[in-house]
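Engineer: Sequence and predicted structure are below.
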Amino acid sequence: MSKSLQAIRGMNDILPAQTPAWRYLEGTLAKLLGGYGYQEIRLPILEFTELFARGIGEGTDVVDKEMYTFLDRNEESLTLRPEGTAGCVRAVLEHGLSGGGQVQKLWYAGPMFRYEKPQKGRYRQFHQIGVEAFNLSGPDVDAELIVLTWRLWKKLGLADSVSLQLNSLGSSEARANYREALVAYLQERFEQLDEDSQRRLTTNPLRILDSKNAQTQALLVDAPMLAEYLDEESKSHFEGVKARLDAAGIAYQINHKLVRGLDYYNRTVFEWVTDKLGAQGTVCAGGRYDGLVGQLGGKPTPGVGFAMGVERLVLLLETLELLPSELEQSADLYLCAFGEAAEVAGLSLAERLRDALPGLRLLVNSGGGSFKSQFKKADKSGARFALILGEDELAARVVGCKPLRDDAQQQNIAWDALAEHLAACLQA
Ligand code: HAM
């Protein structure tokens with residue numbers, strides 16, 4: 001017997017019952033971003049592997065363990081994008097969008113791919129909506145990006161369910177100095193580190209700060225702190241971000257251990273987290289990456305951005321029952337037609353109604369059926385009215401208009417008066 005075909009683990013279908021929630025979230029955010037001057041950019045899903053190796057960094061979990069990488073028929077190494085920032089920077093450079101200090105404010109949406117252990121809120125194909133701003137170096141834009149996300153949370157009803165974690169990683173030199181001090185401290189305690197952290201000590205030591213291992217965390221209590229290594233400029237940049245968030249009334253928690261899993265960050269980094277989703281609680285994350293454009297071959301160009309996880313946000317909206325009820329779109333009308341002639345007339349009548357009433361949700365019965373079965377389908381569709389077209393109605397050029405959601409009487413309405421009649425009924 002042949003095995004039934006299944007989707008790849010961690011790669012989900014988004015079923016019709018879920019798509020209205022996705023569209024609601026995507027639509028709300030797209031509108032909001034437009035209001036802040038961000039423009040949409042659409043980027044390829046596949047890129048040369050080198051882009052991510054250079055951009056995100058060798059030694060990161062994403063590059064070392066999680067990429068979907070393969071050779072194409074031309075023997076070139078390609079990778080399904082694990083995130084959007086590197087590709088966005090590549091496109092900006094390739095099309096000269098940031099040349100001459102031009103400010104670019106861009107957003108993108110779409111699937112990303114990481115070979116992670118699938119669980120609730122963590123998938124191998126997941127979706128992000130990401131935002132990137134180029135050639136803006138001050139703390140004002142960092143703060144504005146956070147203010148913008150805060151506005152989104154308020155709009156979605158999530159403001160009480162998410163909190164902001166904030167840190168500064170300083171300049172790349174400051175980070176390098178800190179890295180050295182941290183490695184020296186942990187090297188002396190190597191035997192007490194968990195296995196993963198032992199490995200990270202050579203590949204990506206800052207990520208040890210993120211370790212979930214209790215013994216490692218205990219060791220870190222007396223470890224050197226990143227904040228002590230910040231350069232003066234980064235310190236004042238960070239003060240600028242905080243002052244603006246304070247003025248905007250946005251609460252935050254300084255988390256000295258927030259270092260992020262991608263190598264390109266410097267200065268401000270942030271994460272919006274929730275305690276309502278279990279272990280996968282980060283719904284939006286980002287920060288500044290002033291070195292990335294240069295690292296990928298461009299002139300030094302400041303950059304800052306974030307990405308939110310669409311699955312996690314939809315899950316959060318569902319869990320907290322915050323999806324607007326009008327997302328469940330049932331039909332307005334269901335047209336029942338009995339017999340070939342009525343079906344023919346019904347189709348063109350339906351088109352006339354669609355012309356006259358834009359936005360009308362009208363289901364025309366298909367596949368024939370008895371009076372009883374068509375009514376059953378009309379009822380199930382959620383429609384407020386059934387339109388009935390049989391031989392008698394056809395001869396009299398009327399339609400029976402039967403209310404399905406209350407006890408009001410069925411009325412016969414002339415075809416020419418039908419659109420006006422229905423407009424009034426549907427508004428009531
Ligand atoms: P990231 O923290 O790797 O950052 O991902 C951003 C968000 O994507 C996470 O906070 C989470 O909500 C979602 N996410 C990540 N991995 C998964 C997964 N396996 N399943 C479900 N959701 C996931 C970035 O990707 C950066 N490019 C963000 C950025 C843009 N920084 C500056 N600009």
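Structural biologist: Received, thanks. Residues are numbered from 1 along each chain as shown.
Engineer: how close does residue 132 get to the ligand?
Structural biologist: Per CB to the nearest ligand atom, to the nearest Å, residue 132 is found 5 Å from the ligand. To be clear about C-beta, it is placed using only N, CA and C from the backbone, and glycine gets the same treatment.
Engineer: give the contact list for that residue.
Structural biologist: 84-85, 88-89, 92, 104-108, 303-305 (CB atoms under 8 Å, 6 or more residues apart in numbering).
Engineer: what do you get if the cut-off is 10 Å, keeping everything else the same?
Structural biologist: 38, 41, 84-85, 88-89, 92, 104-108, 145, 286, 289, 292, 303-307 (CB atoms under 10 Å, 6 or more residues apart in numbering).
Engineer: just residue 415 next, same as before
Structural biologist: Counting by CB under 10 Å, 6+ apart, residue 415 makes contact with 345, 349, 352, 353, 389, 393, 394, 396, 397, 398, 399.
Engineer: Which single one of those is nearest to the ligand?
Structural biologist: The ligand has its nearest neighbour among those in residue 353, at 42.8 Å by CB to the nearest ligand atom.
Engineer: isn't there a helix covering the closest one?
Structural biologist: Yes. According to DSSP: H, G, I helix; E, B strand; the rest coil, residue 353 belongs to a helix.
Engineer: Let me know whether it touches residue 387 as I believe.
Structural biologist: Yes. Under the criterion of CB atoms under 10 Å, residue 353 makes contact with residue 387 at 8.6 Å.
Engineer: Contacting the ligand as well, which ones from the contacts of residue 132?
Structural biologist: By CB under 6 Å from any ligand atom, the members of the contacts of residue 132 lying near the ligand are 84, 85, 286, 305, 306, 307.
Engineer: a helix runs through the fifth one, doesn't it?
Structural biologist: When you say that, I think you mean residue 306. No. Read with three-state DSSP, residue 306 is strand and lies in no helix.
Engineer: How many residues are close by the closest residue to it other than its chain neighbours?
Structural biologist: Nearest residue to residue 306 in three dimensions, chain neighbours excluded: residue 286, at 2.6 Å (CB to CB, 6 or more residues apart in numbering). Here the count is done by other CB atoms under 10 Å, and residue 286 has 26 residues near it.
Engineer: same deal with the one 3 residues further on?
Structural biologist: For residue 289, the neighbour count with other CB under 10 Å is 27.
Engineer: what's near enough to touch residue 362?
Structural biologist: Applying CB under 10 Å, 6+ apart, the residues near residue 362 are 331-335, 349-351, 353-354, 383, 385, 387, 422.
Engineer: Could you rerun that using 7 Å?
Structural biologist: Residue 362 is in contact with 331, 332, 333, 335, 350, 353, 354, counting by CB atoms under 7 Å, 6 or more residues apart in numbering.
Engineer: Equivalent analysis for residue 285, please.
Structural biologist: Taking CB under 7 Å, 6+ apart, one finds 260, 270, 271, 306, 307 in contact with residue 285.
Engineer: Give me the secondary structure label for it.
Structural biologist: Assignment for residue 285 (three-state DSSP): strand.
Engineer: Give me the buried entries from the contacts of residue 362.
Structural biologist: 331, 332, 333, 335, 350, 353 (16 or more other CB atoms under 10 Å).
Engineer: which bits of the stretch 251-400 of the chain sit near the ligand?
Structural biologist: So far as CB under 6 Å from any ligand atom goes, the stretch 251-400 of the chain lies against the ligand at 261-262, 282-287, 305-309, 311-312.
Engineer: Would you list the phi and psi of residue 258?
Structural biologist: Dihedral pair for residue 258: phi -80, psi 110, per degrees, to the nearest 10.
Engineer: follow-up on the earlier one: can I get the contacts of residue 415 in a markdown table with pLDDT?
Structural biologist: Converted to a markdown table, the contacts of residue 415 look like this (pLDDT from 0 to 100):
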| residue | pLDDT |
| --- | --- |
| 345 | 96 |
| 349 | 96 |
| 352 | 96 |
| 353 | 97 |
| 389 | 97 |
| 393 | 96 |
| 394 | 96 |
| 396 | 97 |
| 397 | 96 |
| 398 | 97 |
| 399 | 97 |
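Engineer: Restricted to buried residues, select these in ChimeraX.
Structural biologist: Here is the ChimeraX selection string for the buried members of those, based on 16+ other CB under 10 Å:
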select :345,349,353,389,393,394,398,399
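Engineer: wait, which of the buried ones among the contacts of residue 362 is closest to the ligand?
Structural biologist: Distances from the ligand to those, taken by CB to the nearest ligand atom, are shortest for residue 331, at 33.8 Å.
Engineer: Strands along the stretch 1-150 of the chain, start to end?
Structural biologist: With strands called from DSSP state E, counting those that start in this stretch, the stretch 1-150 of the chain shows them at 39-40, 46-48, 68-71, 77-80, 104-113, 125-134.
Engineer: Most tightly packed of those?
Structural biologist: strand 125-134 (a mean of 23; mean count of other CB atoms under 10 Å).
Engineer: So for that one, mean pLDDT?
Structural biologist: Across strand 125-134, pLDDT averages out at 98.
Engineer: for the residue in the chain that the ligand sits nearest to, what are its contacts?
Structural biologist: With distances taken as CB to the nearest ligand atom, the chain approaches the ligand most closely at residue 309, which sits 2.3 Å away. Residue 309 makes contact with 126, 128, 283, according to CB under 7 Å, 6+ apart.
Engineer: cool, residue 51 as well?
Structural biologist: Contacts of residue 51 by CB under 7 Å, 6+ apart are 86, 87, 90.
Engineer: would TSV of the residues you listed with pLDDT, neighbour count and distance to the ligand be doable?
Structural biologist: Below are these laid out as TSV (pLDDT from 0 to 100; neighbours: other CB atoms under 10 Å; distance: CB to the nearest ligand atom, whole Å):
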residue	pLDDT	neighbour count	distance to the ligand
86	98	25	8
87	98	24	9
90	98	22	13
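Engineer: can I get these in TSV with distance to residue 298?
Structural biologist: TSV is the format used below for those (distance: CB to CB, whole Å):
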residue	distance to residue 298
86	12
87	14
90	9
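Engineer: With that, I have no additional questions.
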